[in-house]
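In: just need the structure, nothing else, for what follows:
(2 chains)
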Amino acid sequence: MKTATIMTVLILFALAALLTAPFLGITDVSRDVIFHPRSQSPGTMVFWQIRVPRVLTAFLAGIALAVSGMAFQAMFRNPLATPFTLGVSSGASLGAVIAMRAGLAASIWNFSATSGAAFLGALMAIGLVYGLVRLKGQFSTPRLLLAGIAISFFFSSLIMFVHYTSDFHNTFRLMRWLMGGLSMSGYDTVINLLPFCVAGLLIVLYLTHELNLLATGDELALSRGVNVGITRHVLFFAVSLLVGSVVALCGPIGFVGMMVPHMCRLIVGSNHRRLFPATLLFGGTFLTVCDTLARMIAPPAEIPVGVITALLGGPFFLWLLLGRSEAVAEI
Amino acid sequence: MNGRNSIAVSVKSLSLRIQDTVILDDISFEVPAGGTLSIIGPNGAGKTSLLRCIGRMTEPTSGEIRIQGDHCRNLRRRELARRVGYVPQAGDRTLPYSVREFVLMARYPYFHAFAGPSRNDLEAVDNALDITGTDGFADRKVATLSGGERQKVLIAAALAQQTPVLLLDEPTSFLDYRHEVDILDLIDRLNRESGRTVITVTHDLNSGVFNAGLILGLAGGRQIFLGAARDLEDPDVLESIYGIPFEFLKHPYDGSPVVLPARRSG
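Out: Numbers count the residues shown, from 1 in each chain, chains lettered A, B, ... in the order given. Here you go, the predicted structure:
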């Protein structure tokens, strides 16, 4: 299939998801609500005040998670190496949990301290994992994955410690948040997410040529003139922005960054000039669909969307690990 | 100043240590523009490390490297990549792109962010594919190619970089005879016809070493031999590099030397 066709299909899917998702849910919403956004009817309120911001949040978060996964997979040349598996999400969660526990309600220009803390946590996790791997000579992917798992566990136990010191009400709140959900999203979530995501995405877009070469290995990238060290640090920064902002607002939603870019790679190939737009479109669509399922699967309850992505992601991880050995080697 | 640019690569007192292990120890040589250098030596002699230092994929511990008169470490990476092309050992590296895509990516030092490839880029790619004879499978995935084809693709990519200096690491190892001859001919042509300076690492003395303008013999990271091919036609010199005796034969057609490692038990 030609790239233009694939992109058109992905755009149509994205539009379809964005346009239908707000109408789906437990409360029936008639089509008229679009034209009467100021009406006080329950349907209108549900549609404009709850579902539209939630769908926008899901779409944006899906984009951010998928693109950061794509960047990590290329940089570390392995589809299993994503911000979630390498402990970056745990680092962001720890930062966010500490900020919430400490009651850091401070905000600068409306941006919550939680987002900042999550960003710093993410950056710290990347620094730790990458530093640990580089500590002892040559870089190796298995060591990277193991270091990521170790850091994940370590941060998870710190998160549990913070839990333990919290009162019952806070523990419940933190617990629900850690499952990764979008149920609390409003327009302020979208506004909080947007600048971080746009900045992170622009950086990754600026570095698509570099990502292409990093995926061929450091040696070739260097010999083609890529400043590998700086590029990698800038990408760490961008991924921390993306993952930190999503985790702060929606909790650690796992596996999107693993599944989406890898599926896109199977369809459009590994060239990031095509892979970036495909991952962006499919990432947004994917999380929107998952969240719509999460809202509808067990009415009247809403499952956290992180549960759905993890249920899909676990088997996907195993499939990558066991089924297609050449896929693991070949990013 | 006048003669300076006629030296393509100059290496002075180059040393490389990695965690207390001496990899390269006090290496010095000069390769004139348009000249060839063969770096020979046993496994672990530091041949690849030397090549990587010249292409600045490894930072040397001390010493200086000049490319066309300029200090290597003062050049911006992109500028260096417009002067020095590198062909790594083919090995089984995973390159998830089509041949044409991969070769085009080598135009990186000429790219602008956000923008697509220019007409120059596309011409350079077509040219490189044509010269290396890889245009026949330009749309196949690199991963599906044989070792010889892959080696040609790696060379094509370095050619698309359009550099006056070319570094090749064991370009003919693990190849069958036809591909070996193809690639040796290709490297010859690149040197003779387009005047590129070619530095080749090899452990096979019979793959063109004796045709090289200059030969550098390494052992244990130290420079054992530097000179012309005729000075290498000495069993003692070869033995000091490889640690085993050699027999010299004459090529039946052109009279060039052919060497055979002598079996001690024989």
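In: which neighbouring elements make contact with the host helix or strand of A:L19?
Out: Here A:L19 sits within helix A:3-20, counting by DSSP states H and E. Packing contacts for helix A:3-20, counted by 3 or more C-beta pairs under 8 Å, 6 or more residues apart in numbering or on different chains; DSSP states H and E, involve helix A:52-76, helix A:256-268, helix A:272-296. Backbone N, C-alpha and C define where each C-beta goes, glycine included.
In: would TSV of those with mean pLDDT, distance to A:T44 and mean neighbour count be doable?
Out: Formatted as TSV, the helices and strands packed on helix A:3-20 follow (pLDDT from 0 to 100; distance: least, C-beta to C-beta, whole Å; neighbours: other C-beta atoms under 10 Å in any protein chain shown):
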stretch	mean pLDDT	distance to A:T44	mean neighbour count
helix A:52-76	94	11	27
helix A:256-268	92	31	24
helix A:272-296	94	18	24
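In: what would those helices look like in a markdown table with distance to chain B?
Out: Supplementary listing: these in a markdown table, determined by distance: least, C-beta to the nearest C-beta, whole Å:
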| stretch | distance to chain B |
| --- | --- |
| helix A:52-76 | 9 |
| helix A:256-268 | 8 |
| helix A:272-296 | 7 |
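In: who touches the most centrally placed residue in chain B in this structure?
Out: Most central in chain B under C-alpha atoms, centre = their mean is B:L168, positioned 2.0 Å from the mean C-alpha point. Neighbouring residues of B:L168 by C-beta atoms under 8 Å, 6 or more residues apart in numbering or on different chains: B:87, B:155, B:187, B:198-201.
In: and for A:A99?
Out: A:A99 neighbours (C-beta under 8 Å, 6+ apart): A:112-114, A:116-118, A:248.
In: going along the chain, name the helices of the stretch 1-150 of chain B.
Out: Listed in chain order, the helices found in the stretch 1-150 of chain B under DSSP state H, counting those that start in this stretch are B:47-54, B:77-83, B:99-105, B:119-132, B:147-160.
In: and of those helices, who's closest to A:T288?
Out: Among the helices of the stretch 1-150 of chain B, helix B:99-105 comes nearest to A:T288, with 31.1 Å by C-beta to C-beta.
In: send me the closest one as PDB with only the CA atoms.
Out: The C-alpha coordinates for helix B:99-105 follow below in PDB (Å, rounded to 0.1, in the frame of the first residue of the first chain):
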ATOM      1  CA  VAL B  99      18.500  -0.200   0.500                       C
ATOM      2  CA  ARG B 100      17.600   3.100  -1.000                       C
ATOM      3  CA  GLU B 101      16.300   4.400   2.300                       C
ATOM      4  CA  PHE B 102      19.400   3.400   4.100                       C
ATOM      5  CA  VAL B 103      21.700   4.900   1.500                       C
ATOM      6  CA  LEU B 104      19.700   8.200   1.500                       C
ATOM      7  CA  MET B 105      20.000   8.400   5.300                       C
END
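In: got the contact list for that helix?
Out: Contacts with helix B:99-105, where a contact means C-beta under 8 Å, 6+ apart, come from A:209, A:212-213, A:216, A:224, A:269, A:271, B:95, B:97, B:117, B:121-122, B:125, B:128-129, B:134, B:137-142, B:145, B:153, B:156-157, B:160.
In: what comes up buried for that helix?
Out: By neighbour count with 16 or more other C-beta atoms under 10 Å in any protein chain shown, helix B:99-105 contains the buried residues B:99-105.
In: neighbours around the closest residue in space to B:C72 that isn't next to it in sequence, how many?
Out: Leaving aside its sequence neighbours, B:C72 sits nearest to B:I65 (C-beta to C-beta, 6 or more residues apart in numbering or on different chains; 4.1 Å). As a burial measure, B:I65 scores 21 neighbours (other C-beta atoms under 10 Å in any protein chain shown).
In: correct me, but B:I65 touches B:I7?
Out: No. The pair B:I65 and B:I7 does not pass the contact test of C-beta atoms under 8 Å, sitting 11.6 Å apart.
In: what's the pLDDT at A:R324?
Out: You'll see A:R324 listed with a pLDDT of 58.
In: would you mind listing what in chain A touches chain B?
Out: Remark: the part of chain A in contact with chain B comprises A:77, A:137, A:205-207, A:209-210, A:212-213, A:215-220, A:222-227, A:265, A:269-271, A:273, A:326, A:329-331, using C-beta under 8 Å from any C-beta of the partner chain.
In: make it 7 Å
Out: Neighbours of chain B within chain A, by C-beta under 7 Å from any C-beta of the partner chain: A:206, A:209, A:212-213, A:215-217, A:219-220, A:222-227, A:270-271, A:329-331.
In: just the buried subset of those residues, please.
Out: Neighbour-count burial within the residues of chain A next to chain B applies to A:209, A:212-213, A:215-217, A:219-220, A:222-226, A:270-271, A:329-331; the criterion is 16+ other C-beta under 10 Å.
In: show only the entries of those found in strands.
Out: With DSSP state E as the criterion, strands contain none of those.
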